[in-house]
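**Q** Below are the sequence and a predicted model; questions follow.
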Amino acid sequence: MADNINFTQNQNTQTFERFRSDGTKKRNNKEKKKGGKFGVFLGLLAVAAILLLANSMVVTKQNQFKLIRQFGRVDRVVSVPGLTFKIPFIESVDTVPKELLLYDLPPSDVITSDKKTMIVDSYVLWRVTDPLKFAQTLSCSVPNAESRIDAIVYNATKNTISNMKQDEVIRSRDGKMTITVDESGTELQGNNLDLSEGREEVVKITSLTEAVMGQINHVEDQYGIELAAVEVKKLDLPDDNKQAVYNRMISERGNIAAQYTAEGKSEAKMIENTTDKEVSIMLSDAQAKAEATIAEGEAEYMRILSGAYSDPEKTDFYSFVRALDALKESVVGENKTVILTEDSPITQIFNGRY
């Protein structure tokens, strides 16, 4: 009986311990479940905080403007690089480029004042100077800005070139022109310029790009952008006009060459005539001097003869010498025989009658 009572007590004790252990396990499981839910909540809260913080931060780079909008309206503009904050989910951010941008315009046809068609290929360097106005007029869109720039620059180029002749357009391509000036610096003009009368000088003129830029003056006020430069990459003629222009240029150069050749021949003839005249004058002067010298010689000769014949002592000697000279002059050819009459002056000299 006592054993049965002890067994029953032990069994009851074991059953109680088992129930108590089950209860403890259940409590622990409940506590674990509560702790797990709390951890998940904390994790979700941390993620939400991170997302909230990330959504409230605005990072502005060196080459950017940041436009912070509140319900679609621009509330403020951030132009200084760095970190700023906004109200999450209420304020939004637009990014506007701050650096210098390049827009390459498509080639376009323009007509000069002398009705010549030319092809102009150019590019534009531009930047945003007023991001608020840029956002209001162009919706912060670079393609929208490039579309407006295309129309503005094309109209300015067309208006500029339409007031210039084709040769003026070509000449103003690089903003320099070669002219011929005299010693005082005055330009020599005309088709028949004598380059020897002056010197060539390179002067600066208004270039095509400067003239085009002069037509653009409202872009910044209207759209909040600045066109820093408009440069012409290529200035050409349509393919169907090139050969005709080349032929005309060849013909014009041929006419100019023929004109220069004719002028050169005329100048050469004038120089030749002048030279011939000078040579004739020089020969005439030389001939006159020669005749004067001969006359002076003959006069001196006659003076000497006169002096010789006036002296009785020398008369016979000179008569003899002149007779010998006369004989020498008469003996010519192969026949050296001289036949003299008795009354010949030479015979008389030989006979000693003088």
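**A** Thanks, I have the structure now. Just so it is clear, the model here is predicted, and its values are computed rather than measured.
**Q** Break the protein into its domains for me.
**A** 39-94, 101-172+207-237, 290-350 (automatic domain parsing).
**Q** got a list of what the nearest residue to residue 215 once chain neighbours are set aside touches?
**A** What sits nearest to residue 215 in space, not counting adjacent residues and going by Cβ to Cβ, 6 or more residues apart in numbering, is residue 156, at 3.5 Å. (Glycine included, C-beta is placed from N, CA and C.) Contacts for residue 156 (Cβ atoms under 8 Å, 6 or more residues apart in numbering) come out as 212-213, 215-216, 230.
**Q** Among the domains of the chain, which comes closest to residue 246?
**A** domain 101-172+207-237 (9.1 Å; Cβ to Cβ).
**Q** first to last residue in the closest one, what's the distance?
**A** Between the opening and closing residues of domain 101-172+207-237 there is a gap of 29 Å (Cα to Cα, to the nearest Å).
**Q** most tightly surrounded among the domains of the chain?
**A** Looking across these with neighbours counted as mean count of other Cβ atoms under 10 Å, the highest average goes to domain 101-172+207-237: a mean of 16.
**Q** one step back: between all of the contacts of residue 156, which two are separated the most?
**A** 215 and 230 (9.5 Å).
**Q** How about residue 101: what's its closest non-neighbour residue?
**A** residue 126 (5.5 Å).
**Q** isn't that neighbour right next to residue 225, touching?
**A** Yes - between residue 126 and residue 225 a contact is recorded at 5.7 Å, counting by Cβ atoms under 8 Å.
**Q** Now the common contact residues for these two.
**A** 145, 149.
**Q** Mind naming the longest helix for this protein?
**A** Secondary structure of the chain per DSSP state H: the longest helix is helix 239-309.
**Q** average pLDDT across that helix?
**A** Averaging pLDDT along helix 239-309 gives 85.
**Q** try stretch 62-73
**A** Rounded mean pLDDT across stretch 62-73 is 88.
**Q** how long is it from one end to the other?
**A** End-to-end distance (Cα to Cα), stretch 62-73: 24 Å.
**Q** what residues does that stretch touch?
**A** 58, 60, 74-79, 81, 84, 86-87, 90-99, 128, 131-132, 135, 140.
**Q** Make sure residue 115 is indeed in a strand.
**A** No - judged by DSSP: H, G, I helix; E, B strand; the rest coil, residue 115 forms no part of a strand; its state is coil.
**Q** How confident was the prediction at it?
**A** In this model, residue 115 carries a pLDDT of 85.
**Q** Equivalent analysis for residue 34, please.
**A** For residue 34, pLDDT reads 59.
**Q** Was I right to think residue 111 contacts residue 159?
**A** No - with contact defined as Cβ under 8 Å, residue 111 does not count as touching residue 159 (11.3 Å).
**Q** circling back: how about the domains of the chain, which one is nearest residue 266?
**A** domain 101-172+207-237 (28.3 Å).
**Q** Include secondary structure, distance to residue 319 and pLDDT when you put the contacts of residue 156 into CSV, please.
**A** Shown next, in CSV, are these (DSSP: H, G, I helix; E, B strand; the rest coil; distance: Cβ to Cβ, whole Å; pLDDT from 0 to 100):
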residue, secondary structure, distance to residue 319, pLDDT
212, helix, 109, 87
213, helix, 110, 86
215, coil, 112, 83
216, coil, 115, 84
230, strand, 111, 90
